[in-house]
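J.: This is the structure alone, sequence omitted:
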């Protein structure tokens, strides 16, 4: 069984989620729960840090899709930062860079929260 | 010590033929021995009548041979009795009948040649008292008939009583029985060669007393009594009393029926004695044992009569337990099971009425529901008791609650129609939860004895086992049903994939697809678009298993509906995106490559909607990925999707190879956890590019299998489609075309 964990960090008004391990169909529920918790707490500026995310499956990608619409409707956003090249490739192949702000560094993403979200 | 005879008899039934034949020979042999001895006795007495006075040694020999004959009879009867063991009452009845018949025949025999009264003893008896020689021919026959009758009766009686004495045998009871028979035989042997009418000496008397002592000991072996019902006991009392009387009568007529002035001489008994003193000793001892045994039997039966109700109740409990145990193994239908459980205390005779309440697992609450009642309507229960409160107490304590005077309990409501005067509530404790509770009620105050409460507890324990068991079986059945359904789904899904690759001029094709589970979300297909144009698709629904399989089926429908209408790959994907976005879950998407190969134009146009890029390698060995822009279906609103989608157009050169695949291929892992990866795919492809499509396909799968090894992980659904362009004028050997849905993946 693959291992996966989500760490919570607050960066000002931005809620950072540190993903660690492998995000697949089994572990997707954990990220799902983390994002739902953010929504409940009304912290809708979510920054997903993928520095320690070693693998993502299509089911893992689905988690981002499941909530983005609602979060954006409420004026928030999910931005993804610091992905490993291999993981970024998976996002990239599916065209996620056209749907999400995916940045190289966390700081870059935090700065982008200051500017309006891309119109999707 | 010998083996218990019942075990031997049980074995006998499974004897092979030769053994059975052997026992048949033995039977014949024993029969011959006995009839020989009987005939010998007749001859012996005839000779005596003719005046040949037998010597003492002859007399001894005669007695011994006769005893051997009767021992053979014993063996013969014992063998035939082993096959079928009669009930105690039947044993008494047959003994009584046999004794009665013997007495009757004795009478008749005596009447036939009745000696005149008031003559001297020898004449009256018909033989010489000094020598024992018969005086008249009739005496010879009388002696033989009576001797035979009493001898047979003695053997019959002993064997019948043996069955009773040895019911529930113990080592000591068996030993006592053998001691009894042994002492009887020894006593009989001690009078070997004695003449009729001789008086016993002291040693013989002592031996006789010893036999009687063992008789008394064996007479207290009455275990069979406890198994009898009240009626059977009454019947057994009657029968054993009759038997006792008949045997007493038998002995007394043996002694008294000859009315003469030699009254101190035993009467007909002397005939038997003159037949053979040892045999007469044995038969009189047997009769005494019969009388003793029937006497203790009658007394014991009388004492047991009042408690037989108790024993019967025990039997009822046992039967109820038994039936419940059967139910545990057989009944998996909840309704029948509940009914059987509710009725078990009533059937066991430990309650007047009872019902079963189950915590409703559907609602997840512990609120009890009366699911079955015995001698009570489940709907009536709620009027009679505060079910929730009683149930809560029983389930929280996990021990039976006992209400001695239920009417005084606030949880029990008085009703004119029915009175719960005492009640036991036994919780049904399962492996990790309390399943329900069994309520047993009596219409008597303090109606439950300790042992009855124990019985109800045991019934409850059995019931919880049965209910859990039934649940497990249900789960198992459900699992099997699901497995069957999935097997069918797999078959159906395999039929959605092309059964063979199409034949296209200048092109060879090979393809395969293997789901990670029974069904998967991968799809590939081909379509003839006319004008020598081939449309082809490879798609991967995110996630795997059943949900992915449904979307895969939808993709198949969209492909066949839209492909012929869409002028270009990008158009096709746009329409497909619009069509499938409607039904996709928010977190589900589909990655697709759709391509159109035009043989006449020698052109391959493809568009990629988020799918793993197609690998392309030319004849020169230059390998690359065709990574045109595009978002997966269902991820973006149609305008953005369409805007971001780009097509790639390749002018075909003979030798061009295109490999389309799903991420299951590149994400398969080696035992070390390393992914197969894009680079390796491209490298391998470069090496094997000169082969036909099928060769390339098979080599790729081989390489993948070698990479994953025995302990690696394929992980996801895997699909591989290989196209090789040979040029429009080349003759492509058709047999190189192949399609397989299940390549040899380890």
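T.: Structure received. Here the structure is a predicted model, which means the values were calculated and not measured. Numbers count the residues shown, from 1 in each chain, chains lettered A, B, ... in the order given.
J.: List the buried residues of the longest strand along chain A.
T.: When chain A is parsed with DSSP state E, its longest strand is strand A:45-56. Burial within strand A:45-56, assessed by neighbour count using 16 or more other C-beta atoms under 10 Å in any protein chain shown, is assigned to A:45-50, A:53-56. For the C-beta atoms, the positions are set from N, CA and C on the backbone; glycine is no exception.
J.: Adding distance to residue B:554 and pLDDT, write those residues out as JSON lines.
T.: As requested, those are exported to JSON lines (distance: C-beta to C-beta, whole Å; pLDDT from 0 to 100):
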{"residue": "A:45", "distance to residue B:554": "36", "pLDDT": "93"}
{"residue": "A:46", "distance to residue B:554": "31", "pLDDT": "94"}
{"residue": "A:47", "distance to residue B:554": "35", "pLDDT": "94"}
{"residue": "A:48", "distance to residue B:554": "30", "pLDDT": "95"}
{"residue": "A:49", "distance to residue B:554": "36", "pLDDT": "95"}
{"residue": "A:50", "distance to residue B:554": "31", "pLDDT": "93"}
{"residue": "A:53", "distance to residue B:554": "31", "pLDDT": "95"}
{"residue": "A:54", "distance to residue B:554": "32", "pLDDT": "93"}
{"residue": "A:55", "distance to residue B:554": "28", "pLDDT": "91"}
{"residue": "A:56", "distance to residue B:554": "25", "pLDDT": "92"}
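J.: Closest to chain B out of those?
T.: Nearest to chain B out of the buried residues of strand A:45-56 is residue A:55 (C-beta to the nearest C-beta; 8.2 Å).
J.: okay, now the closest residue to that closest one other than its chain neighbours: neighbour count?
T.: Once flanking residues are discounted, residue A:55 sits nearest to residue A:22: 4.1 Å by C-beta to C-beta, 6 or more residues apart in numbering or on different chains. Neighbours of residue A:22 under the rule other C-beta atoms under 10 Å in any protein chain shown: 18.
J.: Give me every residue in the stretch 451-600 of chain B lying close to chain A.
T.: B:540, B:542-544, B:585-589, B:591 (C-beta under 8 Å from any C-beta of the partner chain).
J.: of those residues, buried ones?
T.: Judged by 16+ other C-beta under 10 Å, buried ones among these: B:540, B:542-544, B:587-589, B:591.
J.: May I see the residues you listed organised as a markdown table, with pLDDT and secondary structure added?
T.: Shown next, in a markdown table, are those (pLDDT from 0 to 100; DSSP: H, G, I helix; E, B strand; the rest coil):
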| residue | pLDDT | secondary structure |
| --- | --- | --- |
| B:540 | 95 | strand |
| B:542 | 90 | coil |
| B:543 | 84 | coil |
| B:544 | 78 | coil |
| B:587 | 88 | coil |
| B:588 | 92 | coil |
| B:589 | 94 | coil |
| B:591 | 96 | strand |
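J.: quick one: which of those is nearest residue B:672?
T.: Closest approach to residue B:672 among those (C-beta to C-beta): residue B:544, at 23.5 Å.
J.: was I right about the closest one contacting residue B:516?
T.: Yes. Proximity of residue B:544 to residue B:516 meets the contact threshold set by C-beta atoms under 8 Å, at 5.3 Å.
J.: Residues that sit against both of those two, list them.
T.: Counting by C-beta atoms under 8 Å, 6 or more residues apart in numbering or on different chains, the contacts common to residue B:544 and residue B:516 are B:716-717.
J.: number of nearby residues for residue B:83?
T.: Neighbours of residue B:83 (other C-beta under 10 Å): 9.
J.: what comes up buried for stretch B:202-215?
T.: Buried-residue list, stretch B:202-215, by 16+ other C-beta under 10 Å: B:204, B:207-208, B:210-212, B:214-215.
J.: Which parts of chain A are strands?
T.: A:4-11, A:14-23, A:45-56, A:77-81, A:101-103.
J.: Okay, now the sheet partners of the second one, with direction.
T.: Okay, so that is strand A:14-23. Strand A:14-23 sits in its sheet next to strand A:4-11 (antiparallel), strand A:45-56 (parallel), going by DSSP bridges.
J.: List the contacts of residue 38.
T.: Here I'm looking at chain A. Residue A:38 touches A:15, A:17, A:44, A:46, counting by C-beta under 8 Å, 6+ apart.
J.: meant chain B, my bad for not saying
T.: B:69, B:144, B:148.
J.: Am I right that it sits in a helix?
T.: Yes. Looking at residue B:38 with DSSP: H, G, I helix; E, B strand; the rest coil, it is inside a helix.
J.: Would you mind pulling the contact partners of the longest strand of chain A?
T.: A:2, A:9, A:11, A:13-24, A:35, A:38, A:64, A:71, A:76-84, A:86-87, A:90-91, A:106, A:109-110, A:113.
J.: try it again with 7 Å
T.: Here strand A:45-56 makes contact (C-beta atoms under 7 Å, 6 or more residues apart in numbering or on different chains) with A:11, A:13-24, A:35, A:38, A:76-84, A:87, A:90, A:106, A:109-110, A:113.
J.: hmm, which of those are the buried ones?
T.: Buried among those (16+ other C-beta under 10 Å): A:14-24, A:35, A:38, A:76-83, A:87, A:90, A:106, A:109-110, A:113.
J.: Next, give phi and psi for the closest residue to residue B:461 other than its chain neighbours.
T.: Nearest residue to residue B:461, sequence neighbours excluded (C-beta to C-beta, 6+ apart): residue B:429, at 7.4 Å. With angles defined as degrees, to the nearest 10, residue B:429 sits at phi -90, psi 120.
J.: so how many other residues sit close to residue B:429?
T.: Applying other C-beta under 10 Å, we find 19 residues neighbouring residue B:429.
J.: I'd assumed residue B:399 was in contact with it.
T.: No. Here residue B:429 does not reach residue B:399: they are 9.3 Å apart, not a contact under C-beta atoms under 7 Å.
J.: could you say what helices and strands the helix ranked longest in chain A packs with?
T.: Using DSSP state H to define each element, chain A has its longest helix at helix A:58-73. Counting contacts by 3 or more C-beta pairs under 7 Å, 6 or more residues apart in numbering or on different chains; DSSP states H and E, helix A:58-73 packs against helix A:28-40, strand A:77-81.
J.: The residue sitting nearest the centre point of chain A pairs with what?
T.: Closest to where the C-alpha atoms of chain A average out (C-alpha atoms, centre = their mean) is residue A:48, at 3.5 Å. Legend: beta-bridge partners of residue A:48 under DSSP bridges are residue A:17, residue A:80.
J.: Please report how far it lies from residue B:488.
T.: Look at residue A:48 and residue B:488: by C-beta to C-beta, to the nearest Å, they are 41 Å apart.
J.: Then residue B:406?
T.: From residue B:406 to residue B:488 the distance is 56 Å (C-beta to C-beta).
J.: Outline the domain layout of chain B.
T.: B:87-310, B:331-474, B:500-739 (automatic domain parsing).
J.: gap between the shortest one and the chain center?
T.: Spelled out, that is domain B:331-474. The chain centre lies 28 Å from the centre of domain B:331-474; the measure is C-alpha atoms, centre = their mean, to the nearest Å.
J.: residue ranges with poor pLDDT in the stretch 551-700 of chain B?
T.: Along the stretch 551-700 of chain B, no part satisfies pLDDT under 70.
J.: er, chain A I mean
T.: A:1-2, A:115-120.
J.: Could you look up the next helix or strand downstream of whichever strand or helix holds residue B:425?
T.: Element membership for residue B:425 (DSSP states H and E) is strand B:422-429. Next helix or strand after strand B:422-429 toward the C-terminus (DSSP H and E): strand B:434-442.
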